[in-house]
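Trainee: what follows is a predicted protein model with its sequence.
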Amino acid sequence: MWANISFSKKMDVRLSKPVITFTFDDAPVSAFINGGNILSKFGFGGTFYISLSLMTGPDPETRFTSTHLKNAVAHHSELGCHTYGHTDLSQTTAAKGIADIEHNQKVLQTLLPGMEFKNFSYPFGAETRPVKKYASKRFRSARGIEEGINLDGTDLCNLKTVKLYESKYPLDYIFGKISEAEKNNGWLIFYTHDVDEKYTDWGCSPAYFEAVVHECAKRGITVATINEALNLIENSTHES
Ligand SMILES: [Zn+2]
């Protein structure tokens, strides 16, 4: 495992009520259209960790446009960083990996001047010690793919997540995770890729996605982007 490799940046999560964040990696155009619209319908926003090389890539599924990015931001969503080339950081040198992340940041600024990625997620969940260390300084947080709810002693450079992969996790299982977050006043970060009728093994249908968002709304849970959730956690830790 690349995770838990001798470098971490610990943060205590001491919330008076649970917080849930919806995140999308890459992100396929269906995440912006269906995922983003469903969140908006409930007055929520999410975090889209994007690899900007996919914007003009060959796959029509991932070919989002700068309009999708602008709309996401206009609807209270956050754009997060996921390397430019969707680079597997464990398969390249640290220098090249870091340069690829910086390139993503630079291209974003040409597309949306003044905009900056504040949070990061590792493509394939692949971490290396030097990149983790770099991410700890360059970003407020970095999300991995290890399953779990973020509680006390959370590693800010390897935030845990629960996958919204419809073919693998029935809604009952997901609702159970929401209950677990409620019980512990934890920070639950969901993650998926496509939100499409013809979903991949790494995605889900709009109906499945909406059922999860609806469940959060029904239970009165705070839904926030990664950046907003970090603000909430920082504020509540200072109060206590
Ligand atoms: Zn990815």
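Mentor: In hand now; what should we look at?
Trainee: drop to CA atoms for contacts and neighbour counts, all remaining ones
Mentor: OK.
Trainee: wait, residue 14 touches residue 230, no?
Mentor: No: assessed by Cα atoms under 8 Å, residue 14 is found out of contact with residue 230, at 11.3 Å.
Trainee: mind checking which of the two has more residues around it?
Mentor: For residue 14 versus residue 230, neighbours defined as other Cα atoms under 10 Å are more numerous around residue 14 (23 against 19).
Trainee: residue contacts, that one?
Mentor: 151, 152, 185, 186, 233, 236, 237 (Cα atoms under 8 Å, 6 or more residues apart in numbering).
Trainee: of these, buried ones?
Mentor: The neighbour count (16 or more other Cα atoms under 10 Å) marks 151, 185, 186, 233 as buried among the contacts of residue 14.
Trainee: include distance to the ion, pLDDT and secondary structure when you put these into a markdown table, please.
Mentor: Converted to a markdown table, the buried ones among the contacts of residue 14 look like this (distance: Cα to the ion, whole Å; pLDDT from 0 to 100; DSSP: H, G, I helix; E, B strand; the rest coil):
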| residue | distance to the ion | pLDDT | secondary structure |
| --- | --- | --- | --- |
| 151 | 24 | 95 | coil |
| 185 | 28 | 96 | coil |
| 186 | 25 | 97 | coil |
| 233 | 26 | 94 | helix |
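Trainee: okay if I get these as JSON lines plus distance to residue 175?
Mentor: Below are those laid out as JSON lines (distance: Cα to Cα, whole Å):
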{"residue": "151", "distance to residue 175": "18"}
{"residue": "185", "distance to residue 175": "15"}
{"residue": "186", "distance to residue 175": "14"}
{"residue": "233", "distance to residue 175": "23"}
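Trainee: looking at those, spot the one nearest residue 47.
Mentor: Closest approach to residue 47 among the buried ones among the contacts of residue 14 (Cα to Cα): residue 233, at 16.7 Å.
Trainee: thought that closest one was touching residue 13?
Mentor: Yes: taking contacts as Cα under 8 Å, residue 233 lies within contact range of residue 13: 6.0 Å.
Trainee: need the longest helix for the protein.
Mentor: Ordering each helix of the chain by length in residues (DSSP state H) puts helix 94-111 first.
Trainee: give me the low-pLDDT residue ranges for this protein?
Mentor: Within the chain, the segments meeting pLDDT under 70 span 1-5, 237-240.
Trainee: quick one: name the residues of it near the ion.
Mentor: By Cα under 5 Å from the ion, the part of the chain that sits against the ion consists of 25, 26, 123.
Trainee: pretty sure the second one is touching residue 55, no?
Mentor: When you say that, I think you mean residue 26. No: assessed by Cα under 8 Å, residue 26 is found out of contact with residue 55, at 9.4 Å.
Trainee: which residues are in contact with each of the two?
Mentor: Contact with both residue 26 and residue 55 is made by residues residue 62, according to Cα under 8 Å, 6+ apart.
Trainee: these two: which has the busier surroundings?
Mentor: residue 26 (28 against 21).
Trainee: which residues does the more buried one contact?
Mentor: Residue 26 neighbours (Cα under 8 Å, 6+ apart): 48, 49, 50, 51, 54, 62, 82, 86, 193.
Trainee: output those residues as TSV; include the columns distance to residue 69 and secondary structure.
Mentor: What follows is the contacts of residue 26, written out as TSV (distance: Cα to Cα, whole Å; DSSP: H, G, I helix; E, B strand; the rest coil):
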residue	distance to residue 69	secondary structure
48	9	strand
49	11	strand
50	9	strand
51	12	coil
54	13	helix
62	13	helix
82	14	coil
86	17	coil
193	15	coil
